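Student: here you go, sequence then predicted model.
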Amino acid sequence: MTEVKQSPPDKQPEGEPTWIQRVAPQGIDLRSVLVIPLLAVLTALVVGMFFILFTEGANAILPAYGALFSGAFVGWSSISETLLLSTPLILAGLSVAIGFRAGLFNIGAEGQMTIGGLTAVIVGFSVQGIPGIIHLPLALIAGFLGGALWGFIPGFLRAKTGAHEVITTIMLNFIAFRTMDYILKLPAIQPEGRFDPISKNVLESARFPRILGWLPVDGASGLRLHLGFLVAIAVAFVVYWVLFKSTIGFEFRAVGANPHAAKYGGMSVAGAIILVMAFAGGLAGLAGSNETLGVLGRAAPGFTSQIGFDAIALALLGRSHPAGVVLSAILFGALRAGGRTMQVQSEVGIDLIVIVQALIIIFIAAPELVRAIYRVRGGKETGQLTRGWST
Amino acid sequence: MRLELRNVTKRFPGVIANDSVDLAVSSGEIVGLLGENGAGKTTLMNILYGLYGADEGEILIDGKVVHFDGPGDAIAAGIGMVHQHFMLVPVFNVTENVVLGVEPTAGPLGAIDMEEARREVREISTQYGLEVDPTAIVEDLPVGVQQRIEIIKVLFREAEIIVFDEPTAVLTPQEVEDFFEIVRSLRESGKGIIFITHKLGEMLEIADRIAVLRRGKIVGETRPAETSREALAEMMVGRPVDLVVDKSAAEPGEPVLSVRDLVVQDDRLHTAVDDVSFDVHAGEIVGVAGVQGNGQTELVEALTGLILPIAGKVTLNGKDVTLASPRELHASSVAHVPEDRQRDGLVLSFDLTENLVLDSYYARPYSRGVVMDWEEARRHADELIEQYDIRTPSAQISASSLSGGNQQKLIVAREFARETKLIIASQPTRGIDVGSIEYIHQRIVEERDAGAAVLIVSSELDEILALSDRILVMYRGKIVAEVAGSEATASQLGLYMAGASA
């Protein structure tokens, strides 16, 4: 007994949270909610330095990270871009997060974005002659419903047949991409005179208006941040309310944390799974709509630009809490915005951002690693006090 | 050989699991380690077995300090452990299980010498009167025999000190007798035994010396001849304990629950409940006795709407509820204390408030439409915590941080606090401390006296005998006997539980 072992026993006691419960903890424990993600980000940036060191040399580190920071946060233009890029990430992140809360791994945000973005566009250019105050919400509802349909399918399959949502959502992504390719070549969708897969432009009345024009700075009217950001923040509040203040959210969380107890409590596990997947799909649909009704103003292949996959990462980083998701999405938006500046101003390419994001997720997925590096105590073990030695 | 734990202390964040514990066992004696769940028995044994390091203190063998960095070291030093949950490979035969990890080999290629292994297993088996066929497949064997395989495993590894962790939990009363014979024969042949249990009667019967652990400390050592059940219980709990449930004779009223020709399949589609019929009347407690795995689990799940029966009829106050959902039964004032509280009864990561409205959240006063009224739920929770004596710093901590007894009280509070016409309680006191058992038993009797029909399923005979006004015995899915509670004896029920017909 020279060595004092702190680690818990090998065998996991019954009732130990699964990994999915760990990424969607019920209580707010400040340590696990804030400390580990922040340390993970920090560690990822430090490891990222080594990549620059080996590829471009030590002299490139400072300018690259300087450009990354200034491109993300310094000046109104940077802030506008950061928040603009974070907007779809917030919505898609909420989609994945609410799935995690219900014990479901929604890898289909990308496909749900695709379908939702497309339905929003169709309403956005085909419905004419109504004011923006009606048209934009109408297009958003269409986007929500399109995504919800795409989320409903794997939810239904999971609830009724047991088909695992990881498999079905991945496959539905592929189907969504090819469906979009087909729809974008239909005469009713394609602009006249075009033969590549692309949609007509969304009418001005269905586009998100820019919101920073009032700033007393030069070129404020050119700042691209639009109303979609505020919509995303509002949706985060709605998701928070649903999860923690409504009976439906109580069911979602119970089903996610312990489906047996949920069933015992008289809840419909199948119903909750279908509902939560449809809701998650709808949120991803809003993320897609944000792209097609925002900066792009139309739909074209690849408009989702991997946001649905980054959403998985940032939902993990945000511990599947709406507030965490918003903060993580802004961080990822900042990395994307800063990464562009870094690419332009230094020798380091934007690919570094992909590496840094991947590293963040590795460190989030391996909290023990982060704890070991920084000797963080406590956190996860809190719930275990009574189990370690119970007979 | 003499094994000694000296001044062993183990701290977990916030709690001292073992506090300067001294414990010794010598060859040829049986030392009983008695303590409630959570008293620190298992931690102590994990330290002894090398699974944990102690923060302070030392382990001595024949007066010499030893260090164990893992079970391998402990085994090499001659310590063997028979766990509560067997660690056997079900599809392997007895010999294969015994030699797993220490296979005798022969020939230049190191092939396993099964012939030699079988011979040794047979030898050990006869020497200690274990009566195990070395070639039998483990999953075909009864639990009692599987336990003997665990014992052979330990003997095969040449253990001199053997630790038994709650060894009788899974045995029928007859198997317990056989098991005690084996333990005694191990003692005669010079093995030292540490016998861990929370059952007082067993301790008095088998131990030469009894050490009582309470809240991590050894609070006393005694001998069976010098003590009594009452005295042991008091040492274990720290206050006088009422071991007999105080209840008057039942005054049964109308039948509340009627079960007719019920057939239920388990999840592997085997018939688990086979054509069962019985009634439970208002104001009586009916106990279902039986060795675990004889269909009680499926019976309760079918009666509470968690699985659907494939034939038969269940009525509640005359209303057909054969296919009713858990929600419908809840609305009809059926309370259910589930067998596995952590799997079915609680969402461990939820706080106490959330758990206390787990099955009533959907309606007033806890919600209006889809809007939860958490303030009302919290008020309700604070009330129940007070009323049911749930020991917790607040209602806002997760259920996982409660002790087993308090988790069970949480469920009992949730289920009993509303109007109850029928209570179905499965293993209501499994694995919880004596104080909580006493409390839950009282509550059950109170509910009965208030006119509820009560169905108790338990594999603890003592519990069935203490509570029941009428006892049904289940064996292989059938009810094989019905006995009046006042006339039943443990030995008679034990026979029925083993399959003798009434």
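Tutor: Yes, it's here. Numbering: from 1, shown residues only, chains lettered A, B, ... in the order given.
Student: where are the low-confidence patches of the stretch 351-500 of chain B?
Tutor: Counting by pLDDT under 70, the stretch 351-500 of chain B contains no low-confidence segment.
Student: show me where it has strands.
Tutor: Here the stretch 351-500 of chain B has its strands, by DSSP state E, counting those that start in this stretch, at B:367-368, B:371-372, B:422-426, B:453-457, B:470-475, B:478-484.
Student: residues in the stretch 151-300 of chain B within reach of chain A, list them.
Tutor: B:Asp165, B:Glu166, B:Ile196, B:His198 (Cβ under 8 Å from any Cβ of the partner chain). The way it works is simple: take the backbone N, C-alpha and C, and place the C-beta from them, glycine included.
Student: pretty sure the first one contacts B:Ile196?
Tutor: Yes. A contact is recorded between B:Asp165 and B:Ile196 when judged using Cβ atoms under 8 Å, the distance being 5.0 Å.
Student: rewinding a little: among the strands of the stretch 351-500 of chain B, which comes closest to A:Phe69?
Tutor: Closest of the strands of the stretch 351-500 of chain B to A:Phe69 is strand B:371-372, at 42.5 Å (criterion: Cβ to Cβ).
Student: any part of the closest one near chain A?
Tutor: Yes. Strand B:371-372 lies within reach of chain A by Cβ under 8 Å from any Cβ, at B:Val371, B:Met372.
Student: show me where the stretch 1-150 of chain A has its helices.
Tutor: A:19-23, A:30, A:36-56, A:61-73, A:76-101, A:109-126, A:132-161 (DSSP state H, counting those that start in this stretch).
Student: reformat those as JSON lines; add mean neighbour count.
Tutor: Shown next, in JSON lines, are the helices of the stretch 1-150 of chain A (neighbours: other Cβ atoms under 10 Å in any protein chain shown):
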{"stretch": "helix A:19-23", "mean neighbour count": "17"}
{"stretch": "helix A:30", "mean neighbour count": "8"}
{"stretch": "helix A:36-56", "mean neighbour count": "17"}
{"stretch": "helix A:61-73", "mean neighbour count": "19"}
{"stretch": "helix A:76-101", "mean neighbour count": "28"}
{"stretch": "helix A:109-126", "mean neighbour count": "30"}
{"stretch": "helix A:132-161", "mean neighbour count": "22"}
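Student: so which strand or helix has whichever residue of the stretch 301-450 of chain B sits closest to chain A?
Tutor: Residue nearest to chain A within the stretch 301-450 of chain B: B:Arg327 (3.3 Å; Cβ to the nearest Cβ). Here B:Arg327 sits within helix B:326-331, counting by DSSP states H and E.
Student: chain neighbours aside, what residue packs nearest to whichever residue of the stretch 201-350 of chain A sits closest to chain B?
Tutor: Residue nearest to chain B within the stretch 201-350 of chain A: A:Gly266 (3.3 Å; Cβ to the nearest Cβ). The shortest distance from A:Gly266 to any non-neighbouring residue, by Cβ to Cβ, 6 or more residues apart in numbering or on different chains, is to B:Arg327 (3.3 Å).
Student: how about B:Val219?
Tutor: Closest to B:Val219 by Cβ to Cβ, 6+ apart is B:Val212, at 5.3 Å.
Student: over to B:Asp19?
Tutor: B:Gly216 (4.3 Å).
Student: residues touching that neighbour, list them.
Tutor: B:Gly216 makes contacts with B:Lys10, B:Val15, B:Ile16, B:Ala17, B:Asn18, B:Asp19, B:Val21, B:Ala39, B:Gly40, B:Thr43, as judged by Cβ atoms under 8 Å, 6 or more residues apart in numbering or on different chains.
Student: and what about the most far-flung residue of chain B relative to its centre, helix, strand or coil?
Tutor: In chain B, the greatest distance from the average C-alpha position (Cα atoms, centre = their mean) is reached by B:Pro108, at 47.8 Å. State at B:Pro108, reduced to three classes by DSSP: H, G, I helix; E, B strand; the rest coil: coil.
Student: before we move on, the earlier item: redo the helices of the stretch 1-150 of chain A as JSON lines? Include mean pLDDT and distance to chain B.
Tutor: Below are these laid out as JSON lines (pLDDT from 0 to 100; distance: least, Cβ to the nearest Cβ, whole Å):
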{"stretch": "helix A:19-23", "mean pLDDT": "52", "distance to chain B": "6"}
{"stretch": "helix A:30", "mean pLDDT": "56", "distance to chain B": "14"}
{"stretch": "helix A:36-56", "mean pLDDT": "90", "distance to chain B": "17"}
{"stretch": "helix A:61-73", "mean pLDDT": "93", "distance to chain B": "35"}
{"stretch": "helix A:76-101", "mean pLDDT": "96", "distance to chain B": "11"}
{"stretch": "helix A:109-126", "mean pLDDT": "97", "distance to chain B": "23"}
{"stretch": "helix A:132-161", "mean pLDDT": "97", "distance to chain B": "16"}
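Student: what bits of the chain have low per-residue confidence?
Tutor: Using chain A. A:1-33, A:376-391.
Student: that's the wrong chain, I meant chain B
Tutor: For chain B, the ranges with pLDDT under 70 are B:243, B:501-502.
Student: care to break it down by domain?
Tutor: B:2-237, B:243-333+B:419-502, B:345-418 (automatic domain parsing).
Student: so which of these is nearest A:Ala254?
Tutor: domain B:345-418 (5.5 Å).
Student: check the offset of that closest one from the chain's centre.
Tutor: Centroid displacement of domain B:345-418 relative to its chain, using Cα atoms, centre = their mean, to the nearest Å, is 24 Å.
Student: if we can go back for a sec, can you put the strands of the stretch 351-500 of chain B in JSON lines and add mean neighbour count and distance to B:Leu232?
Tutor: Formatted as JSON lines, those follow (neighbours: other Cβ atoms under 10 Å in any protein chain shown; distance: least, Cβ to Cβ, whole Å):
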{"stretch": "strand B:367-368", "mean neighbour count": "16", "distance to B:Leu232": "48"}
{"stretch": "strand B:371-372", "mean neighbour count": "16", "distance to B:Leu232": "47"}
{"stretch": "strand B:422-426", "mean neighbour count": "26", "distance to B:Leu232": "26"}
{"stretch": "strand B:453-457", "mean neighbour count": "27", "distance to B:Leu232": "25"}
{"stretch": "strand B:470-475", "mean neighbour count": "24", "distance to B:Leu232": "26"}
{"stretch": "strand B:478-484", "mean neighbour count": "18", "distance to B:Leu232": "29"}
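Student: what is the neighbour count of the closest residue to B:Gly129 other than its chain neighbours?
Tutor: What sits nearest to B:Gly129 in space, not counting adjacent residues and going by Cβ to Cβ, 6+ apart, is B:Ser185, at 5.5 Å. By other Cβ atoms under 10 Å in any protein chain shown, 14 other residues sit near B:Ser185.
Student: next one: B:Ser185 from chain A, what distance?
Tutor: With distances taken as Cβ to the nearest Cβ, to the nearest Å, B:Ser185 is found 26 Å from chain A.
Student: ok, for B:Asp178, nearest residue in space, not its chain neighbours?
Tutor: B:Gly144 is the one closest to B:Asp178 (Cβ to Cβ, 6+ apart), at 6.5 Å.
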